[in-house]
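Peer 1: Next come a sequence and a model predicted from it.
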Amino acid sequence: MQLGRLGVWTFLDLMSAADSAAFAQRIEALGYSALWTPEAIGRDPFTFLGYLAARTDKMILATGIANIYARDAMTMRASQHTLAELSGGRFLLGLGVSHSHLVSGVRGHEYRKPVAAMREYLEAMQGALYRGPEASDAPPTVLAALRPAMLQVAREQAQGAHPYLTTPEHAKRAREALGPGRWLAPEQKVLLETNATNARAVARATLQIYLGLPNYQNNLKWLGFTDDDIANGGSDRLVDALVAWGDEESLVARIRAHYDAGADHVCIQPLRADGVPGPCVRLLEALAPARR
């Protein structure tokens, strides 16, 4: 699999199936190499990406991320290999431990220590029985790894890492932890808005749900941010670090900063300047690889 340099990360659950397919076809035509979609409380990502695979030609389709608590390891391996086969080797499995409130509060499972849970799950996947047709190449797996211990798991038991809600400084640290030969594919929120007041208002609304979650709080503190930065919707310093806003060249510069720090692939989450949920197609057209 050739992951390419620039992909798109977005929620598609607010779109109809037909509109989602049209969106996927549009970003494929614009030259983006991958489409990443999460698993939370909406569509099943494997069924959905299978639908999109039948309506696209070459773009990689990735989970960012699939929840290890949603399926046992045998089912996850079967889903991965099935979709890899049916997509012609275009499926990339991103796995993560999710968050305690989603695992325990919503799904009703016991939330375990993340690193141990991920190691055991990957070992179980590796040993799980699968007798269906295999893709020509073993389908790759990346992990939602943020800090050193999970990055070590990504280095030792996966193809690499897919960090979410991070910065170029995190990419630098992640590359050091992963070493050479492992993929590093961070998500980066981008916003085509040059007015600081408007941009930060949209950014804070987007970040609100994340800044209350311990996994992200701990990672931000590892990067040097403080409790004061995280509180009250986020300081300007934190907001500007997590959401790239400005004109086209400012956004390109932030993406380039991830590459310079060691990222192989950046998947941009294109926020709308009006704050309405969903991807900003105008922004994706402006940053399209096919136009640069």
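Peer 2: Happy to help now that I have it. Numbering: from 1, shown residues only.

Peer 1: Please make it C-alpha for all contacts and neighbour counts, starting now.
Peer 2: Will do.

Peer 1: check contacts around Ala53.
Peer 2: Residues near Ala53 by C-alpha atoms under 8 Å, 6 or more residues apart in numbering: 61, 86-87, 90.

Peer 1: my bad, Thr37
Peer 2: Taking C-alpha under 8 Å, 6+ apart as the test, what Thr37 contacts is 9-12, 45, 62-65.

Peer 1: the bottom helix or strand of the chain by mean pLDDT?
Peer 2: helix 100 (a mean of 89; mean pLDDT, DSSP states H and E).

Peer 1: Determine the set of other helices and strands touching it.
Peer 2: Helices and strands touching helix 100, by 3 or more C-alpha pairs under 8 Å, 6 or more residues apart in numbering; DSSP states H and E: there are none.

Peer 1: Could you list the low-confidence segments of this structure?
Peer 2: 292 (pLDDT under 70).

Peer 1: what about the nearest residue in space to Val252 that is not next to it in sequence, neighbour count?
Peer 2: Distances taken as C-alpha to C-alpha, 6 or more residues apart in numbering put Leu287 closest to Val252, at 7.4 Å, once the chain neighbours are dropped. Neighbour count of Leu287, defined by other C-alpha atoms under 10 Å: 21.

Peer 1: Hmm, Ser250 and Leu287 touching each other?
Peer 2: No - contact criterion C-alpha atoms under 8 Å: Leu287 and Ser250 do not qualify, at 10.9 Å.

Peer 1: Ends of stretch 27-39, what's the gap?
Peer 2: Terminal residues of stretch 27-39 lie 20 Å apart, using C-alpha to C-alpha, to the nearest Å.

Peer 1: if we can go back for a sec, name the member of the contacts of Ala53 with the most neighbours.
Peer 2: Leu61 (29 neighbours).

Peer 1: What pairs with whatever helix or strand it lives in, parallel or antiparallel?
Peer 2: Taking DSSP states H and E as the criterion, the element that holds Leu61 is strand 60-63. Take DSSP bridges as the rule and strand 60-63 pairs in its sheet with strand 34-37 (parallel), strand 91-96 (parallel).

Peer 1: Name the surrounding residues that touch that strand.
Peer 2: Taking C-alpha under 8 Å, 6+ apart as the rule, strand 60-63 contacts 3, 33-39, 45, 49, 53, 90-95.

Peer 1: for Asp264, helix, strand, or coil?
Peer 2: coil (DSSP: H, G, I helix; E, B strand; the rest coil).

Peer 1: ok, now which ones touch it?
Peer 2: 4-5, 183-185.

Peer 1: Looking at these, which is nearest Leu151?
Peer 2: Leu184 (10.1 Å; C-alpha to C-alpha).
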